[in-house]
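A.B. asks: Provided below for reference: sequence and predicted model.
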Amino acid sequence: MNRRGVFQILTAILLTTGIAHAETINPANESCNEVLAAEPAPPYEGAARIDAITRQRDGEIYRLDLAKAIPLTQLKAKPGVGKVKLIEATLITEKQERIPVKAFTNVVISAADPALISETLNLNVDIAVIEIRAEAMGGEAALELKAVSNQEIPQLALREDSCKKNIDAILKAKLETVQKWAARVEGSAPGSIQEKYAIKEFNKYVADFNMTFKADKAAFASTEYTLTLLNFFTERYNASRAESAAEAAYKSMATETFAALLTSIQSLAPCRSVSSEGLINIAIDFQKRYEAGKPDSRASKLYETMIVQIAKYIPAQYAKELATKNYNFRQADNEGNKYYKLFLASKPESFLKATQRDMSLAAYAVAEQALIQEVKSMDNEQRYQLIVEYQAKYNNPAQYHQETMMKYLMIISENGTLFRILL
């Protein structure tokens, strides 16, 4: 018997057995779509991350703004990396009243510890800002903070003044010096004392430029300027004479600038973070530059390496974003289907093909967990309608991921073992 016949028999069995206990389920006037589209039940959680916590004594104040001021019932904190001392935490109302969070006073927590949960905040006032004074203890540290509300999902954003300083202007000034000595190297007679001296100075300023990215972890270059530098250095590297001082220098500058870009990709601080959509756009731009050059050129090889490395980070960044969105089953399933269809439509040689597959699987995983919770409140008719829908999708592998559709069916039916035996 083929799979379609098996599913038709199984669906009839499930419908028949479901009727026997229908009286214990929700009223039938709630449609399947209404249940799936329902918002998650309170309490609601919103999350944010404070990256590159300062190591200076007495810490630094980090402010998280709520997109909409709402009452909060609790805070939760856990280091994502390292160890953090929470010196104090304060909730600020719309009227600028300050309310201390006692449990977050002079306490040290590490990434290995369970989340620190505050006292219950029995507040009937709208909170506009969460203020945290924190200090990294002994090394690099980042803090993940969750705000809990019974009203709606708190939308948190780390205020950009929490990022210490932008170094775009510093890099521009240093690049001018590098270019001045590059011109002197190019204008010198090969092998002359003049050229040797110019090369020595040129290399010194190149090393100083590269060190700027590493000197202060709290400093950052904007993503836009970092990309401008990266493309400039790659082009200059490509145009330089083989085995010249300029070739080695521009390659090192491109490499260090790309390393800084990767650091920003991995960071969730708002002054340095790049969304999954932003990463895709960067990779597409690099792809265009790669295709515009000769396949065996130095620039093309460098762009190919950068594309592959950026593509690796996109699914992880997307998974982080999914974790903050609190999607219900339908929303997460739609996300999975969107990227799975892009995966199917992509050419085999496309660098995004594997990325789109991994993004679809990340969204499907969120959908599965949401479905496990939502199916508990469905009656037999709603379960049956979902089985019909996802049986049809399972039978359409040209558009839907069969393994995921089967997982949905097993969750909905509560007869996962029977599905495995029959299939």
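C.D. replies: Noted; the coordinates are in hand. Numbers count the residues shown, from 1 in each chain.

A.B. asks: residue nearest the centroid of the protein?
C.D. replies: Gln317 (2.6 Å; CA atoms, centre = their mean).

A.B. asks: what about Glu227, how many residues close to it?
C.D. replies: Just so we're on the same page, residue 227 is Leu rather than Glu. Leu227: 17 surrounding residues under other CB atoms under 10 Å. Every residue, glycine included, has its C-beta placed from N, CA and C.

A.B. asks: Distance check, Tyr340 against Ile412.
C.D. replies: Separation of Tyr340 from Ile412 (CB to CB, to the nearest Å) stands at 19 Å.

A.B. asks: Confirm for me that the residue nearest to the centre of the chain is in contact with Leu279.
C.D. replies: Yes: taking contacts as CB atoms under 8 Å, Gln317 lies within contact range of Leu279: 6.1 Å.

A.B. asks: Any chance you could list residues touching both of those two?
C.D. replies: Ile265 (CB atoms under 8 Å, 6 or more residues apart in numbering).

A.B. asks: how many other residues sit next to the closest residue in space to Ala77 that isn't next to it in sequence?
C.D. replies: Sequence neighbours aside, Leu116 is the residue nearest to Ala77 in space, at 4.7 Å (criterion: CB to CB, 6 or more residues apart in numbering). For Leu116, the count of nearby residues is 19 (other CB under 10 Å).

A.B. asks: Give me the domain ranges for the chain.
C.D. replies: Split into domains by automatic domain parsing, the chain comes to 3-40+326-422, 44-162, 165-323.

A.B. asks: about what we covered before: next, work out how far apart the residue nearest to the residue nearest to the centre of the chain when sequence neighbours are not counted and Phe258 are.
C.D. replies: Of all residues not flanking Gln317 in the chain, Ser276 sits nearest, at 4.5 Å (CB to CB, 6+ apart). Separation of Ser276 from Phe258 (CB to CB): 19 Å.

A.B. asks: what's the answer for Asn396, then?
C.D. replies: For Asn396, the distance to Phe258 - CB to CB - is 42 Å.

A.B. asks: The two: which is more packed in?
C.D. replies: Phe258 (21 against 11).

A.B. asks: and that one, what pLDDT?
C.D. replies: Phe258 is assigned a predicted lDDT (pLDDT) of 93.

A.B. asks: How about the one 4 residues further on?
C.D. replies: In this model, Leu262 is scored at 84, pLDDT.

A.B. asks: Show the contacting residues for it.
C.D. replies: Leu262 neighbours (CB under 8 Å, 6+ apart): Gln309, Ile310, Tyr313.

A.B. asks: Sticking with it, tell me its helix or strand.
C.D. replies: Following DSSP states H and E, one finds Leu262 within helix 245-266.

A.B. asks: List the buried residues for that helix?
C.D. replies: Buried residues in helix 245-266, defined by neighbour count with 16 or more other CB atoms under 10 Å: 245-247, 249-258, 260-265.

A.B. asks: all helices of the stretch 251-400 of the chain, in order?
C.D. replies: 276-292, 298-325, 329-345, 352-374, 380-394 (DSSP state H, counting those that start in this stretch).

A.B. asks: helices and strands around the last one, which ones?
C.D. replies: Looking back up the chat, that one is helix 380-394. helix 3-19, helix 32-37, helix 402-413 (3 or more CB pairs under 8 Å, 6 or more residues apart in numbering; DSSP states H and E).

A.B. asks: And the pLDDT for Ala28?
C.D. replies: pLDDT at Ala28 comes out at 41.

A.B. asks: nope, Asp51 is what I meant
C.D. replies: 85.

A.B. asks: now do the one 10 residues further on
C.D. replies: Per-residue pLDDT puts Ile61 at 85.

A.B. asks: Going forward, count from 9.
C.D. replies: Sure thing, new numbering starts at 9, so read that last one as Ile69.

A.B. asks: Let me know the secondary structure of it.
C.D. replies: What DSSP: H, G, I helix; E, B strand; the rest coil gives for Ile69 is strand.

A.B. asks: One more: the one 5 residues further on?
C.D. replies: Judged by three-state DSSP, the three-state class of Leu74 is strand.

A.B. asks: for it, what are its contacts?
C.D. replies: Ile135, Ala136, Val137, Ile138, Ala155, Pro162, Gln163, Leu164.

A.B. asks: what does Thr81 give?
C.D. replies: Pro51, Thr128, Leu129, Asn130, Leu131, Val156, Ser157, Asn158.

A.B. asks: try it again with 10 Å
C.D. replies: 50-52, 126, 128-131, 155-159 (CB atoms under 10 Å, 6 or more residues apart in numbering).

A.B. asks: Wait, the residue nearest to Ala85 touches Ile140, no?
C.D. replies: No: using CB atoms under 10 Å, Leu124 is not in contact with Ile140; the gap is 11.7 Å.

A.B. asks: Can you check which residues contact both of those two?
C.D. replies: Listed contacts common to Leu124 and Ile140 are Leu83, Ala85, Val92, Leu94, Phe112, Leu151, Leu153; contacts here mean CB under 10 Å, 6+ apart.

A.B. asks: what's around the fifth one, how many residues?
C.D. replies: Phe112 is surrounded by 24 other residues when neighbours are defined as other CB under 10 Å.

A.B. asks: how close does it get to Ser157?
C.D. replies: Taken as CB to CB, the span from Phe112 to Ser157 is 17 Å.

A.B. asks: what's the answer for the fourth one, then?
C.D. replies: When CB to CB is the yardstick, Leu94 and Ser157 sit 21 Å from each other.

A.B. asks: do the same with the second one
C.D. replies: Using CB to CB, we find Ala85 at a distance of 16 Å from Ser157.

A.B. asks: likewise Ile125?
C.D. replies: 15 Å.

A.B. asks: Please say which of these two ends up with more neighbours.
C.D. replies: Ser157 (21 against 15).

A.B. asks: Just list the residues touching that one, thanks.
C.D. replies: Per CB under 10 Å, 6+ apart, neighbours of Ser157: 50-54, 74, 78-82, 129, 131, 135.

A.B. asks: Can you pull the phi/psi pair for it?
C.D. replies: Main-chain dihedrals, Ser157, degrees, to the nearest 10: phi -140, psi 150.

A.B. asks: Show me the beta-bridge partners of it.
C.D. replies: Assessed by DSSP bridges, Ser157 has beta-bridge partners Tyr52.

A.B. asks: Distance-wise, check it relative to Ser272.
C.D. replies: 31 Å.

A.B. asks: next one: Asp134
C.D. replies: Distance from Asp134 to Ser272, counting by CB to CB: 33 Å.
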